[in-house]
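Undergrad: Fold the following.
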Amino acid sequence: MDIKQRIKDQVTGSPVVLYMKGTPQMPQCGFSALAVQVLNACGVHEFASVNVLADAEVRQGIKEYANWPTIPQLYVNQSGELQKLLEHARQKA
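TA: A predicted model of the protein is given here:
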């Protein structure tokens with residue numbers, strides 16, 4: 001499977017996916033730590049995360065997938081306002 005398909009499957013396979021440096025338990029950069037804190041503050045404690053430091057192919061692939069050069073990147077697989085979506089994702093977790 002190519003990297004774009006792998007990322008698409010990850011993004012569409014979970015209600016909330018965070019591509020980050022490190023893990024939610026041990027973020028490896030301040031921005032990734034802040035993204036986890038924001039999700040937790042919104043009541044979302046269970047979400048899929050992908051440590052881009054563990055896979056160079058994903059690290060570059062996610063930048064190309066989104067046409068966005070920086071990490072973290074948050075994907076919410078729903079439509080509507082973010083707070084409503086996060087509440088919905090939390091209920092599914």
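
Undergrad: how much space between the residue minimising distance to the centre of the chain and residue 71?
TA: In the chain, the centroid-proximal residue (CA atoms, centre = their mean) is residue 18; its distance is 1.2 Å. According to CB to CB, to the nearest Å, residue 18 and residue 71 sit 10 Å apart. C-beta coordinates here come from the backbone N, C-alpha and C atoms, glycine included.

Undergrad: go on, residue 10?
TA: Residue 10 sits 14 Å away from residue 71, going by CB to CB.

Undergrad: Equivalent analysis for residue 6, please.
TA: Distance, residue 6 to residue 71, using CB to CB: 16 Å.

Undergrad: more neighbours, these two?
TA: residue 71 (21 against 16; other CB atoms under 10 Å).

Undergrad: Looks like the more buried one contacts residue 21 (just checking).
TA: Yes. If you go by CB atoms under 8 Å, residue 71 and residue 21 touch, sitting 6.0 Å apart.

Undergrad: Now for the two: what residues contact both?
TA: Jointly contacting residue 71 and residue 21 under the rule CB atoms under 8 Å, 6 or more residues apart in numbering are 29, 31-32, 52.

Undergrad: Drop anything exposed from these.
TA: Buried residues within the shared contacts of residue 71 and residue 21, defined by neighbour count using 16 or more other CB atoms under 10 Å: 32, 52.

Undergrad: quick one: which of the shared contacts of residue 71 and residue 21 is nearest to residue 77?
TA: Nearest to residue 77 out of the shared contacts of residue 71 and residue 21 is residue 52 (CB to CB; 18.8 Å).
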